[in-house]
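Colleague: kindly generate the corresponding structure for this input.
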Amino acid sequence: MIGYVTMGMALVPMLSPPLGGLLSDLFGWQSNFYALFIGGVLVFLIAFMDQGETNQHKSASFGAQFKAYPELLTSRRFWGYTLTMVFASGTFYAYLGGAPFVGERFFGLSATEVGAFLSLTPLGYMLGNGVSGRFSIAVGLYRMILLGACVTLGLMTVALMVGLSGVVHPLGFFAFTISIGFGNGLILPSANAGLLDVRPNLAGSASGLSGAMMTFGGAGLTVLSSFVLTEESNAVPLILCVIGSAGCCLLAAFYTISIEKQMRQKSRSA
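Modeller: The predicted model follows:
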């Protein structure tokens, strides 16, 4: 169900980059901030007028919410799923932090063209979520996470070899970035489902805390990808950042699976 829901949510991120690039080319980069303001106002009005509370077991106070965090932070399962999600989403954040620079400076693309190529990643995310919704029960949560990490790591390694070979066509880089979105589409729904099962009575706290960590991790990888790029660099440093994050995601997934197996063995022996 999570896969199908996020499949629909990926539609706007897929359309936004080309729209933002078109606005920038037609009316200047400031126009994007006007669009963000209008979008923010619309989201506020929709949330204010339409969205009801879904949590039927709310914390008594904001302080009580924080008291649940130590129980989560001492759980190895929580850290396993969270780190898997942090590094999975980190591949996208790292790519997003450097792709516009690479597209404009190295490949000579316009803002509209960069936006069109950036939409390939959300397209992959939509496809990956569709696969998750259709096959996650049959394939299994752990296999789905490992498959997603391997898809991103494998295809971006091919992109690295293409970049090192001296190919200067934009598709030599951007065509492979669909694997970033596709891998995330396989990983995140399953990892999120596992995360919510760590402490079912603290599912909301687990989701919020893990989401905050994903945001901070993504911010760090965005800074890293922009730091390694220079005026003279090609796409290779950016690809290495994505590969590094995908590799860490795979290691975190193996760590999580090993913890789950240990807990199953303990429960059987008990």
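Colleague: okay, residue 259: pLDDT?
Modeller: For residue 259, the pLDDT comes out at 90.
Colleague: now do it against residue 211, distance only.
Modeller: Separation of residue 259 from residue 211 (Cβ to Cβ, to the nearest Å): 21 Å. Heads up, the C-betas are built off the backbone N, CA and C, glycines and all.
Colleague: how about residue 8?
Modeller: 19 Å.
Colleague: one more: residue 84?
Modeller: Distance of residue 84 to residue 211, given as Cβ to Cβ: 14 Å.
Colleague: just residue 137 next, same as before
Modeller: From residue 137 to residue 211 the distance is 24 Å (Cβ to Cβ).
Colleague: more neighbours, the two?
Modeller: residue 211 (15 against 10; other Cβ atoms under 10 Å).
Colleague: which strand or helix spans the more buried one?
Modeller: Here residue 211 sits within helix 203-228, counting by DSSP states H and E.
Colleague: after that helix comes which helix or strand?
Modeller: Per DSSP H and E, the helix or strand that comes after helix 203-228 is helix 236-269.
Colleague: distance between that following helix and the chain's centre?
Modeller: 16 Å (Cα atoms, centre = their mean, to the nearest Å).
Colleague: repeat that for stretch 259-270.
Modeller: On Cα atoms, centre = their mean, the centre of stretch 259-270 falls 30 Å from the chain's centre.
Colleague: other residues contacting that stretch?
Modeller: 76-77, 80, 142, 194 (Cβ atoms under 8 Å, 6 or more residues apart in numbering).
Colleague: cross those residues against helices and list the overlap.
Modeller: 76-77, 80, 142, 194 (DSSP state H).
Colleague: what's the neighbour count on residue 222?
Modeller: Residue 222 has 19 neighbours, counted by other Cβ under 10 Å.
Colleague: output the below-cut-off pLDDT ranges for this protein.
Modeller: In the predicted model, the chain carries pLDDT under 70 at residues 2-3, 6-7, 10, 51, 53-65, 270.
Colleague: apart from its neighbours in sequence, what residue is nearest the residue nearest to the spatial centre of it?
Modeller: For the chain, the residue nearest the mean C-alpha position is residue 89 (2.6 Å; Cα atoms, centre = their mean). In space, not counting the residues next to it along the chain, residue 89 is nearest to residue 214; the distance is 5.1 Å by Cβ to Cβ, 6 or more residues apart in numbering.
Colleague: which ones are touching that neighbour?
Modeller: 82, 85-86, 89.
Colleague: which elements pack onto the helix or strand where residue 15 lies?
Modeller: Per DSSP H and E: residue 15 is located in helix 11-27. With contacts taken as 3 or more Cβ pairs under 8 Å, 6 or more residues apart in numbering; DSSP states H and E, helix 11-27 sits against helix 30-50, helix 111-118, helix 120-139.
Colleague: over to the nearest residue to residue 223 once chain neighbours are set aside. Which of the three states is it?
Modeller: Nearest residue to residue 223 in three dimensions, chain neighbours excluded: residue 97, at 7.1 Å (Cβ to Cβ, 6+ apart). Each residue gets one of three states, and residue 97 gets helix by DSSP: H, G, I helix; E, B strand; the rest coil.
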